[in-house]
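In: 3D, please:
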Amino acid sequence: MKKRSIIRTIITIVVLVGAVALIASTLKNNKKKNAEKTAVVAEANGDIAVRVTPVQKQSLALDFGVNGNFIPGQQLDFMAENSGRVTQVLVDEGSTVSKGQTLAVIKTDQLNVDLESAQANYNNAIKDKERFENAFKTGGVTQQQLDQARLALSNAEARVAQAKIKIGDAYIRSSINGVVNKRYIEPGAVVSPGTKLFELVDISRLKLQVTVNESQVANLKVGDKVKIKASVFPDKDFAGTVTFIAAKADATLSFPIEIALAANPGNQIKAGMYATAIFDFPAQAAAILVPRSAFIGSVNSNQVFVAKSDSTASLRKVIAGRVLGDKVEVLQGLQEGETVITSGQINLSEGSPITIVK
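Out: Numbering: from 1, shown residues only. Prediction:
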């Protein structure tokens, strides 16, 4: 027991010594940093220490690449429009279907009865109209009674047409050329209006879905040609065309873009695959670019401080253009050869004396 107590005491002493050494090291580092700051202030002789960068024209590199996934050219969820029991399912998952092909059949017994009843009412309405027309010629009925007979015939005809439509809806037909991606029903299942029956996708046409930021979307338009690199085929280049550009940014302030794949030999590219869209732009004229940090508060402020030759700061109103990473294009307000302040602006006002820290 005494031996264990001695060991614990030794461990405690070692831990305490280590903690003291760590505290001493931290204090030493803080002292060094404070000394550096004091040296800067001393060097400034009471002036405000700032960092600067020269204003110069630079070439604009607008090329960029963004990642995304391929999606089907068209995807449809087929829903039941009538209630009934499924009697036949004619396709399975993975089946290729064509437009107009019957996919499944819903029991039509009741629908056939409804059609027969509607047809019988229609036949009676025809006979009634003929009788009223003959009676009207001899003055046996009024014009109003004849009009009502004609209206009844029109309504009966509409009910026949409606019954035929319902019978037609009992045969679930594809409205696109594509592949059955999901089948949600089995023979014998009872469905009601709105029940999901199939998911069809058209993979003959694929689209690459990506998102771009505001500075990138400003240079894009529908119809632009894009080079596409699929991750599973790194040695192959695919071509695409921009077919959609969102008119509004999403919750992340990005703009969804869709790029139609021009060709897909052998259906090598599959929906869901990962790819990169590479946007190439012609060479742009050189423009004045300054660091984003030069702006007071944010780029939207359109204000920067310029370091004057008499070692004072001057507040300058500018017009900002495109934001290109950590650089901002300045359309008006700065001239090449001037110097903008990139740090220390929080302490500045018009005419403040400054010392440039390198």
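
In: which residues does residue 262 contact?
Out: 238, 239, 240, 241 (CB atoms under 8 Å, 6 or more residues apart in numbering). All C-beta spots, glycine's among them, are computed from the backbone N, C-alpha and C.

In: Go again with 7 Å.
Out: Neighbouring residues of residue 262 by CB atoms under 7 Å, 6 or more residues apart in numbering: 239, 240, 241.

In: Now do stretch 92-109: distance to the chain's middle.
Out: The chain centroid and the centroid of stretch 92-109 are separated by 33 Å under CA atoms, centre = their mean, to the nearest Å.

In: ok, residues contacting that stretch?
Out: Counting by CB under 7 Å, 6+ apart, 80, 82, 84-91, 167, 170-183, 185, 191, 197-198, 200 sit against stretch 92-109.

In: still on that earlier bit, ok, so of the contacts of residue 262, who is nearest residue 213?
Out: residue 240 (19.6 Å; CB to CB).

In: Could you tell me what pLDDT the model assigned to the closest one?
Out: pLDDT, residue 240: 93.

In: The nearest residue to it once chain neighbours are set aside: neighbour count?
Out: Spatial nearest neighbour of residue 240, chain neighbours left out: residue 259 (4.1 Å); criterion: CB to CB, 6 or more residues apart in numbering. By the criterion of other CB atoms under 10 Å, residue 259 has 27 neighbours.

In: Mean confidence (pLDDT) on the helix or strand residue 259 falls within, please.
Out: Using DSSP states H and E, residue 259 sits within strand 255-261. The average pLDDT for strand 255-261 rounds to 93.

In: got a list of contacts for it?
Out: The contact list for strand 255-261, computed with CB under 7 Å, 6+ apart, reads 205-212, 217, 220, 226, 228, 238, 240-246, 249-250, 269, 277.

In: chain center to that strand: distance?
Out: 9 Å.

In: Can you name the next helix or strand after that strand?
Out: strand 274-279.

In: can I get the CA coordinates of that following strand in PDB?
Out: Only the C-alpha atoms of strand 274-279 are listed here, as PDB (Å, rounded to 0.1, in the frame of the first residue of the first chain):
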ATOM      1  CA  TYR A 274     -20.200  11.800 -61.100                       C
ATOM      2  CA  ALA A 275     -18.600  14.300 -63.600                       C
ATOM      3  CA  THR A 276     -17.000  17.700 -63.900                       C
ATOM      4  CA  ALA A 277     -18.200  20.400 -66.200                       C
ATOM      5  CA  ILE A 278     -15.300  22.500 -67.600                       C
ATOM      6  CA  PHE A 279     -16.200  26.000 -68.700                       C
END
